[in-house]
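Engineer: Just to be clear, the model below is a prediction. Sequence and coordinates:
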Amino acid sequence: MGALCCRPQPIDFDGEVTLFHFILLRCVGKGAFGKVRVVQHKQTRQLYALKYINKAKCVKMKAVPNIIQERRLLEEIDHPFVVNLRYAFQDDENCFFVLDLMLGGDLRFHLERLGSMEEHVVRFYVAQLSGALSFIHDMGIMHRDIKPDNILLDEKGNAHLTDFNIAVHFSERKLTGVAGSMAYMAPEILAKRGYSYQIDWWSLGVCAYELIFGRRPFRGRSNNDLTYSITKDPLKWPEDAEKKCTRAGMHVLKGLLERDVHRRVGCKGNGEGFQEFQRLPWFHSIDWETIESKEQIPPFMPDTKKANFDASHELEELLLEDNPLKAKARKANQENLSAEMRQMEEQFTSYDFKKMQRRSYYPHNQQLISTATGTSSGVASSRPVTPADGLRPDNGIRINSSSLEYPNGSGEMVRGEKQEKEFS
């Protein structure tokens, strides 16, 4: 009789998706109020990344509107070079995002190990990511936090954009709130005179420069110094720049890091900017017809025999986690919820990519009102209330990160200074 009562309940795969539909595998990332695990769907056997966010901690850190907005934005997007949402659901303790699994690690992970990357590798990533940017901009979405940490590689080496935690819809009305990671912010954000989707192209330029030369183009020992450098300093190149990058490549970097948004490469509207971008001489070796189908072989393949993330996360989960994740049936009584918990319950809705068509919540998510604070976290406020580095694991697969605070106050990894020179 005892064995009979402990028999597991059959899983209803035709019903709404729940954690019971997945096998929990290794933990690959963690942050202030959430973690990332590899999971396998029990029916399809497909592997995914499961990002789960503790509701109570989310409420405490006033990040409820962020989570809902990210969930809604991700439902709109489906692109070969974006880490796409496949399922979304919640239980009594957590909100869950089930995303495309990227086993190749993030570009920060690889940059810290390699020091820099070869120009042809970076060109391939820029080509792929430019397609993702063009796609989300055509949908009226700007990312606002493009950096190596938020670019993930799949096991073959294709680049994908992730972390839409502070992404927003944009319109003709410019935003003014400061949002993102300071070292990658466009000058128009820091000038506080209004900005739009063009900021993403600047951030892509900072990433490309950093990946090729192993250092960022604008630096400072304090936030004030960094702000001045981004908004005023001329673009300079390392002394050995011509050994690492062709003139055609430097021309693209200079075009992306153009302070005048009307002259910044890739920024013309109606898709014209992306078409011009594709025609630049630097990309003559790129077959734009086949790149989105991933038929081209990436020039850098991550080492699949090694973990491309910090393996200590799994050990911590085993030894230190006092409330390990497991599937639990939901409580029937949901009457006495706080306003924030009720908001998550009602607005973090389930999603199943196999059963539902993607849709846009715009313009509703433009004015997503927190029932707890009565403040807007969409386009009107520009900057959703988010804790600094709210969900950033140390390496590998990233969860969410949007920080204006840095260990040395400047948004820079400390590196030895090199001689620089200017190129026209």
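Structural biologist: On my side now, so go ahead.

Engineer: Would you enumerate the residues in contact with S116?
Structural biologist: Residues near S116 by C-beta atoms under 8 Å, 6 or more residues apart in numbering: L211, I212, F213, G214, K244. The C-beta positions use only the backbone N, C-alpha and C, and glycine is treated the same way.

Engineer: Kindly provide the distance from the closest residue to F97 other than its chain neighbours to G29.
Structural biologist: Leaving aside its sequence neighbours, F97 sits nearest to K51 (C-beta to C-beta, 6 or more residues apart in numbering; 4.3 Å). Look at K51 and G29: by C-beta to C-beta, to the nearest Å, they are 8 Å apart.

Engineer: Pick out whichever of these two has more residues nearby.
Structural biologist: K51 (28 against 23; other C-beta atoms under 10 Å).

Engineer: so where's the protein shaky on pLDDT?
Structural biologist: 1-8, 31-33, 307, 309-323, 333, 363-424 (pLDDT under 70).

Engineer: Nearest to W237 among the contacts of S116?
Structural biologist: Among the contacts of S116, F213 lies closest to W237 (C-beta to C-beta), at 7.7 Å.

Engineer: what's across from the closest residue to that closest one other than its chain neighbours in the sheet?
Structural biologist: Nearest residue to F213, sequence neighbours excluded (C-beta to C-beta, 6+ apart): P238, at 5.2 Å. For P238, the beta-bridge partners are E420 (DSSP bridges).

Engineer: surely P238 meets R216?
Structural biologist: No. Contact status for P238 versus R216: not in contact, 11.3 Å apart, counting by C-beta atoms under 8 Å.

Engineer: Could you list the alpha-carbon positions for stretch 21-28 in CSV?
Structural biologist: Provided in CSV are the C-alpha atoms of stretch 21-28 (Å, rounded to 0.1, in the frame of the first residue of the first chain):
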residue,chain,number,x,y,z
HIS,A,21,7.5,18.6,-17.6
PHE,A,22,11.3,18.9,-17.2
ILE,A,23,14.2,16.9,-15.8
LEU,A,24,16.5,19.1,-13.8
LEU,A,25,20.2,18.9,-14.8
ARG,A,26,23.2,20.9,-13.8
CYS,A,27,23.2,24.4,-12.4
VAL,A,28,25.2,26.7,-14.7
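
Engineer: For that stretch, list every residue counted as buried.
Structural biologist: Buried residues in stretch 21-28, counted by 16 or more other C-beta atoms under 10 Å: H21, F22, L24, C27, V28.

Engineer: Also stretch 219-226?
Structural biologist: Within stretch 219-226, the residues that qualify as buried are R219, G220, N223, D225, L226, counting by 16+ other C-beta under 10 Å.

Engineer: gap between it and the chain center?
Structural biologist: 24 Å (C-alpha atoms, centre = their mean, to the nearest Å).
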